[in-house]
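# next one to model:
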Amino acid sequence: MIRFFDGGMGSMLNLSAGELPEQLNITEPERVFAVHKAYCEAGAEFITANTFGANSLKYDNVSEIVKAGVALAGKAGKLVALDIGPTGKLLKPMGDLDFERAVSLFSEVVIAGKDGSDVVLIETMSDTYELKAAVLAAKENCDLPIISSMIFDENGRLLTGADVKTASAMLEGLGVDCIGFNCGLGPKQMIGLVKELRECTSLPIIVMPNAGLPESVNGKTVYNVSPKEFAEDMAEIAKLGVSVLGGCCGTTPEHIKSMISLCKGIEDNVPEKKNATVVTSYSCSVELGGKPVIIGERINPTGKKLFKEALRNNDMDYAVKEGLAQQEKGAHILDVNVGLPEIDEVEILSQTVYNLQSVLPLPLQLDSSDPQALEKAMRLYNGKAMINSVNGKKSSMEQIFPLVKKYGGVLVCLCLDESGIPETAQGRINIAKKIISAAKKYGIDKKDLVIDALTMTISTNKDNAKETLKAVNYIRNELGVATVLGVSNISFGLPKRDAVNTAFFTLALANGLSAGIINPLSEPMMNAYYSFNALNGYDDNCTDYINSVMDTQPHQAEKTSYDLKTAIIKGMKEDAGACAKKLLKEHKALDVINEYIIPALDTVGDGFEKNKLFLPQLLMSADSAKEAFDVIKGHLLLSGEDKKSENKIIIATVEGDIHDIGKNIVKVLLSNYGFDVIDLGKDVKCEKVLEEAVRQNVSLVALSALMTTTVPNMERTIELIHRNTNAKVLVGGAVLTKSYADMIGADYYAKDAMESVRIAKEFFGGKE
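Residues are numbered from 1 along each chain as shown. Below is the predicted model:
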């Protein structure tokens, strides 16, 4: 049967300006308990502890607050969910919060609250990286079941870009027990997300919507979905096949009571087991087993003098440019190997992965024979990585399987063991079976394995290719496991290797090769790939093939030199700075800004608004633009031409709201478009915003609110600004809508950061 959670806490507490809900566990416990009791009486089976925002970034007494919150929830006599919400910060490289610091913050909450709790509820997460930090904190500090609930926008994306399939694959890999959605949307808007999630997950699903969309009535925030309508929508969701239902912002005991009344007779329907082999980054996923996949092999020091030198000098630029070049040529996954005897592989592999994920959205294959290097990189990786590799040796399996079980991943399994590499296909198949069986004992399903039957050069044995292809065919078609090969080994020791590689690659694809580790910059290899796809029905209207043969420009990463616009678009900071210096020798500073920097930012912004690029790329491009701007500012300072922009904008998170993710993103983008941004910070009193607007003679004020309980303070700030100045007010935040912004008197509403830029450009453009 379906299990039932409670509803909103913050909206039920009726907080005054400046009140922090979690602190009430200590100062006014009876007020918190009254809410818990009301939900118990409404029929909720799980009571969520009032610990959502408890972390050391906001409180000095986290442990005390969490213990008190769990005790109050337990006093209600129902099952207790230890509630963990986001920190309110973006993690590096997009923000300033270190990953391990995030793990530590969440661990403190888990340690304090695990006794007396029945489940850990990680909710309202909009970033896969922060979500991973929270899940690891829970796994490493308790044995409680983990429920992971995310906040998706109307386009079905997390803030940092992941779609439902990408996020669910990562979470299944991490071993959570139940996944789903809460906040941000009403129940009607979540129906499509639930359908999508059922198509890709094997886990039980939880759904906890808001009571519709917020509105302002007489200075108070109310929601537009009644208990009756909420219950009817939730019954429709329940029939889709979910395991847990509850409510989020705006839901009351009446909403929960009505929902339970309509849904309690509907059978729990856990999604059927899926067998998809999925690798992910933070924003996209790649499935192995259908259309063949290209794994780019070029981030590897073997035979690359420049890359070896870059690794010795801890210069990550080479690897990033190689990644970009391979992405442009059609790679789906990038192999990352930094194995050099004279470097610290444990540190360098993690640094390389970090730098690649700072710029590129492609999933990565972490390639190392050092288990320590693999573990550190797997821990820091943002997504569900491909792991290369394990083999049939007992020692290898004992070292690698526990890592995959803990961190998740798709594991490359090499068909060799203590006796070496078998010459025959049957010998390799036997090892594959042994690895599959052993993995199962660790709780790793064969869908998360990819078998490498191993490519041996034909220059030493004429049957090597045939035996490898036999093994690939059997493993894929009889064992039902995805396959991978390092293709170019087939031609080692032979002249004109591309010809042999291309022929073997084509044969391997025809025999069931799921993924080829190849050089995407090799025109013959990619021609073979696109031709195979067209011939085998993987390329509608031969579109990919036609596009590929039209793009035949050679590309060597070591020769790459970006112009300023391209460097900004691709997020290459060092190149952006260098290009700006070069341009300033022949161009005026204003021309460099208007002809290179702004068009580049516009290109990225357009991609962001069309869902072709996501927040990480947007911020890395902004970072690169800042590098160029800093060079220009330095130039103007030396020449005595430095002038502050007259287009000043005040930006602040309103009183009572301590979240500054959205504000900081908007600040970065506005600054890089040349606006003079005056950041007043978070939890800013209405009077302070007015005081600064008057003192600095500002004509545009931007306000952010991420909590429904603080929107009335936004309304008061707007009223003060309008009554005492001629300034206009732009508002944004997760809890706002256009109609809600109109109701509270805002002049402009921005649905995202790029919309803020567009509004500011139009506003100041119109004033000139």
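
# what segments of the stretch 501-650 of the chain are helices?
523-535, 543-550, 564-570, 573-584, 589-592, 598-609, 615-639 (DSSP state H, counting those that start in this stretch).

# looking at the ones you listed, which is nearest to Leu121?
Proximity to Leu121 (Cβ to Cβ) singles out helix 615-639 among the helices of the stretch 501-650 of the chain, at 24.8 Å. Every C-beta, even on glycine, is put in place using the N, C-alpha and C of the backbone.

# and that closest one with helix 573-584, angle?
Here the directions of helix 615-639 and helix 573-584 differ by 40 degrees (axes from the mean of the first three to the mean of the last three Cα atoms, to 10 degrees).

# ok now helix 615-639, how far from the chain's centre?
Centroid separation between helix 615-639 and its chain, computed with Cα atoms, centre = their mean, to the nearest Å, is 25 Å.

# Ser762: how many residues sit nearby?
I think there's a mix-up here, since residue 762 is Glu and not Ser. Neighbour count of Glu762, defined by other Cβ atoms under 10 Å: 11.

# swap that for Tyr354, sorry
Neighbour tally, Tyr354, other Cβ under 10 Å: 17.

# is it true that it touches Leu380?
Yes. Contact status for Tyr354 versus Leu380: in contact at 6.4 Å, counting by Cβ atoms under 8 Å.

# can you list the buried residues in stretch 634-654?
Of the residues in stretch 634-654, 635, 647-654 count as buried by neighbour count, 16 or more other Cβ atoms under 10 Å.

# OK, contacts around the residue of the chain most remote from its centre?
Residue farthest from the centre of the chain, counting by Cα atoms, centre = their mean, is Lys462 at 46.7 Å. Contacts for Lys462 (Cβ atoms under 8 Å, 6 or more residues apart in numbering) come out as none.

# sec struct for it, please.
Put simply, Lys462 is coil when judged by DSSP: H, G, I helix; E, B strand; the rest coil.

# what are the phi and psi angles of it?
phi -60, psi -20 (degrees, to the nearest 10).

# from Lys446, how far off is it?
According to Cβ to Cβ, to the nearest Å, Lys462 stands 32 Å off from Lys446.

# now do Val729
57 Å.

# okay, the two: which has more neighbours?
Neighbours around Val729 and Lys446, counted as other Cβ under 10 Å, are more numerous at Val729. The numbers are 26 against 20.

# and that one, bridged to which residues?
Val701 (DSSP bridges).

# which residues does it contact?
Going by Cβ under 8 Å, 6+ apart, Val729 touches 700-703, 717-718, 721-722, 745-748.

# among the residues you listed, the buried ones, what's the ChimeraX command?
Only the buried entries of the contacts of Val729 go into this ChimeraX selection, using 16+ other Cβ under 10 Å:
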select :700,701,702,703,717,718,721,745,746,747,748
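
# quick one: average confidence on stretch 589-606?
The average of the pLDDT scores along stretch 589-606 is 91.

# pull out the buried residues from it.
589, 592-593, 596-598, 600-601, 603-605.

# over to stretch 126-144?
Buried residues in stretch 126-144, counted by 16+ other Cβ under 10 Å: 126-139, 141-142, 144.

# from these, which ones fall inside strands?
With DSSP state E as the criterion, strands contain none of the buried residues of stretch 126-144.

# dump the buried residues of stretch 634-654 into CSV; add pLDDT as well.
Below are these laid out as CSV (pLDDT from 0 to 100):
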residue, pLDDT
His635, 88
Asn647, 90
Lys648, 94
Ile649, 96
Ile650, 96
Ile651, 97
Ala652, 95
Thr653, 92
Val654, 92
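
# just name the closest of these to Ala439, please.
Of these, the one sitting nearest to Ala439 (Cβ to Cβ) turns out to be Thr653, at 47.5 Å.

# correct me, but Glu236 touches Val194?
No. The criterion here is Cβ under 8 Å, and Glu236 misses it with Val194 at 9.4 Å.

# count of residues packed around the spatially closest residue to Lys626 that is not a sequence neighbour?
Leaving aside its chain neighbours, Lys626 sits nearest to Asn672 (5.7 Å; criterion: Cβ to Cβ, 6 or more residues apart in numbering). The number of residues packed near Asn672 is 23, by other Cβ under 10 Å.

# and Thr552, what's its pLDDT?
Looking at Thr552, its pLDDT reads 54.

# got phi/psi on the closest residue to Glu309 other than its chain neighbours?
With Cβ to Cβ, 6+ apart as the criterion, Glu309 has its nearest non-adjacent residue at 7.9 Å, and that residue is Asp315. Here is the backbone geometry of Asp315 (degrees, to the nearest 10): phi -100, psi 110.

# I figured Val654 hits Ala705, correct?
Yes. Val654 lies in contact with Ala705 (Cβ under 8 Å); the separation is 5.1 Å.

# who touches both of the two?
711, 713-714.

# just among these, which is most surrounded?
Met714 (32 neighbours).

# that'll do, ta.
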